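Engineer: Okay, here's the prediction I keep looking at, along with the sequence it came from:
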Amino acid sequence: MPNTPIEISVAAPAYNEAENIAAAVTEWRDYLESHPAVGAWELVVCDDGSSDGTGRILHDLRAECPQLVVITFERNRGAGAAIAAAIAHTRLDWVVLLDSDGQFPIANLDRFIERIQAGDGHAFSGARIRKADSLPYRWGSAISGAVSNLLHRTRYRDFNSIFKVVHGSLFRALPLESAGMNCSTEITARVAELGHAWVELPIEHRERGGGSRGWRFWRGARDRALFVGYLGLRHWLLRRGVLRAQDLGERASLQEVR
């Protein structure tokens, strides 16, 4: 008996990605349209107050792709807010978190779909085999990932990867607080707090399609260090019973997401 097709929502933030967004949306659409294991699908992109024409390009793309949903922020609110908004507006059973800069090929989903259909978990994360970022960014990610693993008593290869595939009801229930690029780190930590083990699978990572990063390295490194420390302290307080586990745990239990 063949596996039942899975329903997939792609959620992605976009900030000043005029050079990349059309290629990214087209790649996502073509993949989901042609994959035999994918049933219903949608693309949810949050334009985070872009000033370079990203919004206009997304508007034009909607005319030829009715499955594209665009959320627009009037001002730039940060990657974390855009990611949270995109996730909140998804509707389907599984949510794939991507970025709009073209660094994460959606074809990485092939091995994830196989594991989803096998019932191997509710939260999957892509571990970059070779990070295509510059050396300082790779060092920063490696250090923060090692510290995060130490603080959370985990052993994930790529704690900070934004490429996530999570059951929709679990993903939409997460109380995300990060305002910046640390949202992927927070998602890893929050799901672990709820008692779900991430299933890591190797993925391809490529260089940006064009444009430049929307945040400065040193400020981003400072903010990441502070946020990793905050998440670690929160996890320690939860273990000691100083903080109360939120009612979210019941909503996101295994009984509900099955």
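Structural biologist: Cool, got the structure.
Engineer: only C-alpha atoms for contact and neighbour calcs from this point on.
Structural biologist: Will do.
Engineer: Nearest to the spatial middle of this structure, which residue is it?
Structural biologist: L97 (3.3 Å; C-alpha atoms, centre = their mean).
Engineer: Report the backbone C-alpha coordinates of stretch 55-63 in PDB.
Structural biologist: The C-alpha atoms that make up stretch 55-63 are tabulated as PDB, following Å, rounded to 0.1, in the frame of the first residue of the first chain:
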ATOM      1  CA  GLY A  55       7.500  43.100  -1.700                       C
ATOM      2  CA  ARG A  56       6.700  44.000  -5.300                       C
ATOM      3  CA  ILE A  57       8.400  40.800  -6.600                       C
ATOM      4  CA  LEU A  58       6.400  38.700  -4.200                       C
ATOM      5  CA  HIS A  59       3.200  40.400  -5.300                       C
ATOM      6  CA  ASP A  60       4.000  39.600  -8.900                       C
ATOM      7  CA  LEU A  61       4.800  36.000  -8.100                       C
ATOM      8  CA  ARG A  62       1.400  35.600  -6.400                       C
ATOM      9  CA  ALA A  63      -0.300  36.100  -9.800                       C
END
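Engineer: How much space separates the closest residue to G145 other than its chain neighbours from L58?
Structural biologist: Nearest residue to G145, sequence neighbours excluded (C-alpha to C-alpha, 6 or more residues apart in numbering): F159, at 5.1 Å. Using C-alpha to C-alpha, to the nearest Å, one gets 30 Å for the distance from F159 to L58.
Engineer: With G232 instead?
Structural biologist: Distance, G232 to L58, using C-alpha to C-alpha: 38 Å.
Engineer: between F159 and L58, who's got more neighbours?
Structural biologist: F159 (27 against 23; other C-alpha atoms under 10 Å).
Engineer: Let me see the ranges of the strands in the stretch 1-150 of the chain.
Structural biologist: Using DSSP state E, counting those that start in this stretch, the strands found in the stretch 1-150 of the chain span residues 6-14, 38-48, 68-73, 94-97, 123-128.
Engineer: I'd like to know which elements the fourth one is packed against.
Structural biologist: When you say that, I think you mean strand 94-97. Here strand 94-97 touches strand 6-14, strand 164-167, helix 168-173, going by 3 or more C-alpha pairs under 8 Å, 6 or more residues apart in numbering; DSSP states H and E.
Engineer: what does it contact?
Structural biologist: Under the contact criterion C-alpha atoms under 8 Å, 6 or more residues apart in numbering, strand 94-97 has outside partners 6-12, 87, 162-168, 171.
Engineer: Strand partners (parallel or antiparallel) of that strand?
Structural biologist: strand 6-14 (parallel), strand 164-167 (antiparallel) (DSSP bridges).
Engineer: For P36, which of those strands is the nearest?
Structural biologist: Each of these has some distance to P36 by C-alpha to C-alpha; the shortest is strand 6-14, at 9.7 Å.
Engineer: picking that back up, of all the strands paired with strand 94-97, which lies closest to H35?
Structural biologist: Across these, closest to H35 is strand 6-14 (C-alpha to C-alpha), at 10.4 Å.
Engineer: circling back: mind telling me what element the residue nearest to G145 is part of?
Structural biologist: Using DSSP states H and E, F159 sits in no helix or strand.
Engineer: For it, list the residues it contacts.
Structural biologist: F159 neighbours (C-alpha under 8 Å, 6+ apart): G145, S148, N149, T185, T188.
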